[in-house]
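Student: Kindly return the folded structure for what I paste below:
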Amino acid sequence: MMLNTILAVITTIAPATLALPSILSANSFKIPTCGAEACLAKTNGTFDACTPNDLACLCRLDQSRLDTYVATVQPCIDGAVGHNTCTDGAIYQYKDVLTTVCADDAFGHKKVSFAPKN
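Tutor: Down below sits the predicted model:
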């Protein structure tokens, strides 16, 4: 009798527990990308299969590809598109968070360098 109760509890709780991470990720905060997608229009808003808000994907790229990504999207982020979609604070946040994430041990201490605004 006790075994049946335990099995019933496990079969009830297990599916909900397994679904939990996808529920949390679906509701997670999306970092503003401040128009970076506009500079990636030819590739449907992606760069080497990474969307601008998928920082982990971007930071896994080789350093040279990461440098190319930054050079490609910076004109849109710092230009009219970026300023029409984000505040100066949000633009700073995107650049800062990308820089911080890529500098982490998990991504090989990659350096993100945005050129100074003119």
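Student: all helices of the chain, in order?
Tutor: 2-26, 55-59, 63-78, 80-85, 88-102 (DSSP state H).
Student: and Tyr94, how many neighbours does it have?
Tutor: 24 (other CB atoms under 10 Å). For the C-beta atoms, the positions are set from N, CA and C on the backbone; glycine is no exception.
Student: Please name the nearest non-neighbouring residue to it.
Tutor: The spatial neighbour of Tyr94 that comes closest, neighbours along the chain excluded (CB to CB, 6 or more residues apart in numbering), is Cys34 at 5.3 Å.
Student: I'd say the one you found and Cys86 touch.
Tutor: Yes: using CB atoms under 8 Å, Cys34 is in contact with Cys86, at 3.8 Å.
Student: Need the residues touching each of the two.
Tutor: Taking CB atoms under 8 Å, 6 or more residues apart in numbering as the criterion, Cys34 and Cys86 both touch Tyr94.
Student: State the distance from Gln63 to Cys34.
Tutor: 23 Å (CB to CB, to the nearest Å).
Student: Same drill for those two, tell me which one is more crowded.
Tutor: Shown here are Gln63 and Cys34; by other CB under 10 Å, Cys34 has more neighbours (27 against 13).
Student: ok, now how distant is that one from His109?
Tutor: For Cys34 relative to His109 (CB to CB), the value is 25 Å.
Student: now do Lys117
Tutor: Distance from Lys117 to His109, by CB to CB: 25 Å.
Student: Cys76 too?
Tutor: For Cys76, the distance to His109 equals 27 Å [CB to CB].
Student: Look at these two and report which has more neighbours.
Tutor: Neighbours per residue, other CB under 10 Å: of Cys76 and His109, the larger number sits with Cys76, 21 against 10.
Student: how far away is the residue nearest to that one when sequence neighbours are not counted from Val101?
Tutor: Closest residue in space to Cys76, ignoring its immediate chain neighbours: Cys39 at 3.9 Å, by CB to CB, 6+ apart. For Cys39, the distance to Val101 (CB to CB) stands at 20 Å.
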